[in-house]
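[1] Sequence and predicted structure below; questions after.
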Amino acid sequence: MKYIHLLIWSVVFSFCFVDDIAASDLTDVPERDITRGSQWEGKTVGILGDSMSDPKVRATSVRYYDYLQSLLGIKARQYARNGYKFGELLPLVERMYEEQGDSLDAIFVWCGTNDYNASKPIGTFYTETMRDVNVDGEIVRRKHRSYVMSDSTFCGSINMVLSDLKKKFPKQQIIIFTPIHRGFATFGENNVQPDENYANGEGLYIEDYASALHKAGELWSVPVIDFFSISGLFPNLENQEIYIANKVKDNLHPNEAGHLRLALTALYQLLTLPSSFKE
């Protein structure tokens with residue numbers, strides 16, 4: 001395989017926003033995967049999420065969106081915060097709307113692993129009641145669903161965020177990424193996180209939250225890129241340490257190689273999707 005040395009940009013960080021990106025790290029990227037001239041080249045993408053996307057987290061010097069800037073030619077505008085759960089993205093959506101407005105072409109949403117770790121109840125996306133409705137001139141009684149808009153559950157939080165994104169960014173391509181598999185991590189005496197083979201306090205596993213995001217994609221007509229299933233990252237096997245930040249303390253966050261693998265996974269999924277619906 002031929003490799004070229006590409007300049008990967010580091011992040012000039014102000015709260016959760018990246019404007020200009022400065023050159024910092026040289027990282028080997030497969031030349032064959034550099035895809036320029038596609039529908040994504042030159043497009044501006046808002047990045048919403050948690051520590052996996054937060055440039056303040058020191059698990060890696062470059063992240064998947066840095067690689068995608070080199071691989072696809074996108075421009076990343078980053079809004080993410082370490083430790084955030086899905087419902088906590090709402091203020092970031094507002095900030096992104098105020099600062100970026102219609103300049104964005106697409107939005108990537110990568111969140112949910114902290115909802116699992118915090119034992120957030122999954123809940124339901126909607127409730128059902130019986131209502132009268134006119135069908136072909138006749139009033140009949142049928143089931144009717146109402147979407148749950150509440151931060152008390154994972155599904156309710158997803159509804160709130162996707163509803164807000166759809167209202168504020170009707171022409172932008174919105175794409176959800178599912179969480180990746182989780183390994184053990186310890187960030188302090190009071191922050192010890194078991195690996196994914198332990199259920200959380202709700203008796204649920206990380207894949208239950210990934211499945212909820214798939215359902216959200218169906219209900220809200222939002223594409224889902226399934227990092228959980230197709231990225232190949234599986235930190236609970238010893239030989240997978242080549243992709244993780246620290247085999248002793250942090251098997252949760254990917255390192256540079258892990259983020260490159262995520263970027264390459266996203267790359268070929270993104271090529272099957274429109275980058276924007278703006279004229």
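    Alright, I've got the coordinates. Numbering: from 1, shown residues only.

[2] The spatially most central residue of the chain and residue 239, how far apart?
    Nearest residue to the geometric centre of the chain (Cα atoms, centre = their mean): residue 110, 1.1 Å. Residue 110 sits at a distance of 25 Å from residue 239 (criterion: Cβ to Cβ, to the nearest Å). For every residue, glycine as well, the C-beta is placed using N, CA and C.

[3] Could you do residue 222 as well?
    Counting by Cβ to Cβ, the gap from residue 222 to residue 239 is 35 Å.

[4] Which one's more surrounded, those two?
    residue 222 (19 against 7; other Cβ atoms under 10 Å).

[5] what about the more buried one, helix or strand, and which?
    Counting by DSSP states H and E, residue 222 is held by no secondary-structure element, helix or strand.

[6] Could you list which residues are in contact with it?
    For residue 222, the contact set (Cβ atoms under 8 Å, 6 or more residues apart in numbering) comprises 162, 174-176, 216.

[7] can you count the residues close to residue 144?
    Per other Cβ under 10 Å, the neighbour tally for residue 144 reads 13.

[8] any idea of the mean pLDDT for the helix or strand it falls within?
    Per DSSP H and E: residue 144 is located in strand 138-147. The average pLDDT for strand 138-147 rounds to 98.

[9] Show me what that strand pairs with in its sheet, parallel or antiparallel.
    Partners of strand 138-147 in the sheet, by DSSP bridges, are strand 126-135 (antiparallel).

[10] what sits up against the strand it pairs with?
    139-148, 219.

[11] surely residue 245 meets residue 59?
    Yes. Contact criterion Cβ atoms under 8 Å: residue 245 and residue 59 qualify, at 3.7 Å.

[12] Pull up the overlap in contacts between the two.
    253-255.

[13] and after the helix or strand where residue 29 lies, which helix or strand comes next?
    Residue 29 belongs to strand 17-30 when elements are defined using DSSP H and E. On the C-terminal side of strand 17-30, the closest following helix or strand by DSSP H and E is strand 44-49.

[14] Can you list the buried residues in that next one?
    By 16 or more other Cβ atoms under 10 Å, the buried positions in strand 44-49 come out as 44-49.

[15] Likewise for stretch 209-224?
    Neighbour counts using 16+ other Cβ under 10 Å place 209-210, 212-213, 216-217, 220, 222, 224 of stretch 209-224 among the buried residues.
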